[in-house]
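# Pasting the sequence and the predicted coordinates here, then a few questions.
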Amino acid sequence: MKKSLAVILAVVMVCSLLCACTDDAKNTPTVTPSATAPEVSKEPTATLAPDVIIEYDKKLFTVEDATLVKYLGSAESVTVPNGIKAIGASAFENKVSLKNITLPDSLIKIEKNAFSGCSALAEIKIPKSVESIGNSAFAKCTALKQISFPAKTVEIGEGILSGCTALTEATISASTRAIPAKAFFGCTNLASIVIPGAAKTIGDSAFEGCTKLSDIEFGKGVESIGTKAFFGCTYLGISGKQLSKVEDGSLKAEEADYEIDIPNSITSIAAGAFDGTKWLEKAVAEAQTKDIDSNDRFILLGKHGILVKYVLADATTVKAKVNDNNVFESTTLNLTYDSAKNDVIINNIVLHYSVKYISTGAFADIKDKIERIDLSEDAVKKINESAFASMTKLKEITLTEEITEIPANLFLGCTALETVTVEGNIAAVGENAFKGCSKLSKIVTSSIAADSTVGADLSRSFAVLGDRAFSGCSSLTEVTLSNELTSIGEYCFEGCSKIAKITVGNAVTHIGIKAFDGTAWFDKWAGEGDNKALVVGDGILIKSLDGTIPEGVKAIAAFTFASSKTTITEKEFYNSKLPVTITIPGTVTKISDYAFYYATNLQAVIIEEGVREIGQKAFYGCSSLSYIKIPSSVKQISDYAFYNCTSLTSIELPASVTKIGNYAFFNCLSLEEAKYNASAQIGTDAFTNTKVVTAK
């Protein structure tokens, strides 16, 4: 009897174990291993929350905080465990045996390079829950033929599908906000694409090298097309039926009909966006057959008139048309033939009234041949950035009334430019707009007479002057700024050595670092009687000969202190009502203990290269401080340096900082991100009472 009972108990135990194994198997993620893949083991870890556990095979997956950090196997088919919220950066990178993968419905994010180089990956279904996909996530997945991004995916990264040479079909989510740079770079089999209306931009080289791309539908929300966006898309604008005939040889490519239809929302096209397309090649070839002053030499895109390219007649054609003085003149075009160089100079060109927008590359091929451009009255509405950059012969231009902005780099390096006439109200001048225009002596508006002694009249509506906007304009002598001007960028007038007078209105609330360095007005200012401080605009101190800050100052620019000042002394601004912004120049090498202790008005601090030491409690209790820039000359952050800076949201310490002191960022309640040298010595409670989970 005892023997029989023992046998029965043994059978029950075996059955129980088998049932347990069966139940475990039901809850275990499926992984189909290759011949050499390790066997599946079941070891649950990685707690998402107290009641959520992700079950996964430790031999196959590394998981941290619901992120699949690394796949360690070499299987052809993989199922990612349920509960995973993110596929980490490079998690499956270069897993060349991976052919298909199943992703869980819990997935929210796919990080950069997650599946990059998975050259055998033929299919992947992205769950509806995924909201963002990082840079190069599927780059060089050369077997991938089809992919669809779900409705929730609002962000896709640069190069997301670059080099996917087998890709024939891609569906972009209707909610995707941009087509980033190199998104489909080199997808040589992609034949068609629909750009959603939510996407405002198509990035640089987004479809470069998509040699079979012929059919593209632009959403009505697209506003700009980046540099080389469709470079080398040979058959762009041809119908699928005609493309088939071209490929089988029954139709010559140059004889096919090409048409690119873009919505009116697109007003900005960067240089080279359509270079290498048969559409542009054919348009240029046709333009070359027209009269040398024909309006058909303006190649336009869209019904709203974007000038993509101007085709100048070649030297031989011009030579046959010039008079005895080697000049060709018409109402729209004046040319000079240079017999010595067998070259052509455009003395003046009048843009046709159908030109409403000027793309960046419109004159790229002839930028060294143009002396004057005449914009048709009330026609041109917008000029893209860099459109006239490096026109080394351009002497004068009139910006018509419709133009309300001078974009970045517009006249960058126009070394012969002497006069710019502005007829309308300019809201902003972009960065580098006139940088290096060393002969520019006049910016004329209707506010002053053309023969006025004022060099640059910026008194009419100019509200923002960008960084380096007039840097190196060494022929300007006097500048009048608008009463509406609110911001002057960094290095804005740097090197304008002849400017003896600048009038700054009270609306100005921001002046960037070294905005006036190198001007005669700033460099030679030596005080007025007992006044040793130069204050402009709405209480902005731009120079202090003795290092003092007078009453009423609201902000301090970088060049305030005398070069003799080498230290912000202990308690120098202790408990002061310091202005909201301050830049500490590189001549200062030390910020002493308690230097800005409880300076509660201080919102932003820029520390220039040269400052080596930030003392104990230097910014202790600066409760309004939300931004600080620390240079690589700083070696350590002392104890309590930023204690209780409750508005600080992020901090990036250079690699040079090897020590972060005790309580350095203690109680910085808004601090969410901290970047610093991984080998740096971290003091006691340096990041306690912050939102920083993991410093980077």
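Noted; the coordinates are in hand. What you see is a predicted model, and the numbers here were worked out from it, not measured in a lab.
# Pretty sure residue 273 sits against residue 233.
No. Using Cβ atoms under 8 Å, residue 273 is not in contact with residue 233, being 9.9 Å away. Placement of C-beta: from N, CA and C, glycine included.
# quick one: the helices in the stretch 401-550 of the chain?
Using DSSP state H, counting those that start in this stretch, the helices of the stretch 401-550 of the chain run over residues 520-523.
# same thing with the stretch 201-350 of the chain?
240-248, 278-287, 315-319.
# Dump those to CSV, plus mean neighbour count and distance to residue 664.
Below are the helices of the stretch 201-350 of the chain laid out as CSV (neighbours: other Cβ atoms under 10 Å; distance: least, Cβ to Cβ, whole Å):
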stretch, mean neighbour count, distance to residue 664
helix 240-248, 14, 63
helix 278-287, 18, 57
helix 315-319, 16, 68
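# where among those is the average confidence lowest?
Ranked by mean pLDDT, the helices of the stretch 201-350 of the chain bottom out at helix 240-248, which scores a mean of 85.
# got the contact list for it?
Helix 240-248 is contacted from outside by 191, 192, 212, 214, 215, 235, 238, 251, 252, 253, 256, 257, using Cβ atoms under 8 Å, 6 or more residues apart in numbering.
# now with 10 Å?
Contact with helix 240-248 is made by 191-192, 212, 214-215, 234-235, 238-239, 250-258, 278, as judged by Cβ atoms under 10 Å, 6 or more residues apart in numbering.
# which among those residues end up buried?
Among the contacts of helix 240-248, those that count as buried by neighbour count (16 or more other Cβ atoms under 10 Å) are 191, 212, 214, 215, 234, 235, 238, 251, 253, 256, 258, 278.
# Give the full set of residues in contact with the nearest residue to the fourth one once chain neighbours are set aside.
Which is residue 215. Of all residues not flanking residue 215 in the chain, residue 192 sits nearest, at 3.9 Å (Cβ to Cβ, 6 or more residues apart in numbering). Listed by Cβ under 10 Å, 6+ apart, the contact set of residue 192 reads 168, 169, 170, 212, 213, 214, 215, 216, 217, 240.
# and what of residue 513?
When contacts are counted by Cβ under 10 Å, 6+ apart, residue 513 touches 467, 489-492, 494, 557-559, 583, 585, 606, 608.
# returning to that earlier point: which of the buried ones among the contacts of helix 240-248 sits closest to residue 565?
Checking the buried ones among the contacts of helix 240-248 against residue 565 with Cβ to Cβ, the nearest one is residue 234 at 62.3 Å.
# Distance of the closest one relative to residue 266?
21 Å (Cβ to Cβ, to the nearest Å).
# for the strand ranked longest in the chain, packing partners?
Ranked by number of residues, the top strand in the chain under DSSP state E is strand 343-350. Taking 3 or more Cβ pairs under 10 Å, 6 or more residues apart in numbering; DSSP states H and E as contact, the helices and strands that strand 343-350 lies on are helix 315-319, strand 327-329, strand 333-338, strand 372-374.
# winner for burial among the ones you listed?
For the helices and strands packed on strand 343-350, the largest average neighbour count (mean count of other Cβ atoms under 10 Å) is found in strand 333-338, namely a mean of 20.
# List the residues that contact the nearest residue to residue 283 once chain neighbours are set aside.
Spatial nearest neighbour of residue 283, excluding adjacent residues (Cβ to Cβ, 6+ apart): residue 299 at 4.8 Å. Neighbouring residues of residue 299 by Cβ under 10 Å, 6+ apart: 274, 279-280, 283-284, 286-287, 306-311, 359, 362.
# 6 Å - rerun?
Under the criterion of Cβ atoms under 6 Å, 6 or more residues apart in numbering, the contact list for residue 299 reads 283, 308, 309.
# One more: residue 689?
Applying Cβ under 6 Å, 6+ apart, we find residue 689 in contact with 666, 667.
# Please work out how many residues are found near residue 632.
Counted by other Cβ atoms under 10 Å, the residues lying close to residue 632 total 11.
# isn't there a helix covering it?
No. In this structure, residue 632 is coil, not part of a helix, as judged by DSSP: H, G, I helix; E, B strand; the rest coil.
# Check the gap between the closest residue to it other than its chain neighbours and residue 387 for me.
Counting by Cβ to Cβ, 6+ apart, the nearest residue to residue 632 once its immediate chain neighbours are dropped is residue 654, at 4.1 Å. Summarising the geometry, the distance separating residue 654 from residue 387, computed by Cβ to Cβ, is 37 Å.
# Compare those two (neighbour count), which wins?
Remark: of residue 654 and residue 387, residue 387 carries more neighbours, 25 against 16, as counted by other Cβ under 10 Å.
# Would you confirm that that one contacts residue 361?
No. In this structure, residue 387 sits apart from residue 361 without contact. The criterion is Cβ atoms under 6 Å, and the distance is 8.1 Å.
# tally of neighbours for residue 684?
Counted by other Cβ under 10 Å, the residues lying close to residue 684 total 11.
# For the nearest residue to it once chain neighbours are set aside, list the residues it contacts.
Residue nearest to residue 684 in three dimensions, not counting chain neighbours: residue 662, with 4.4 Å by Cβ to Cβ, 6+ apart. Contact partners of residue 662, counting by Cβ under 6 Å, 6+ apart, are 639, 683, 684.
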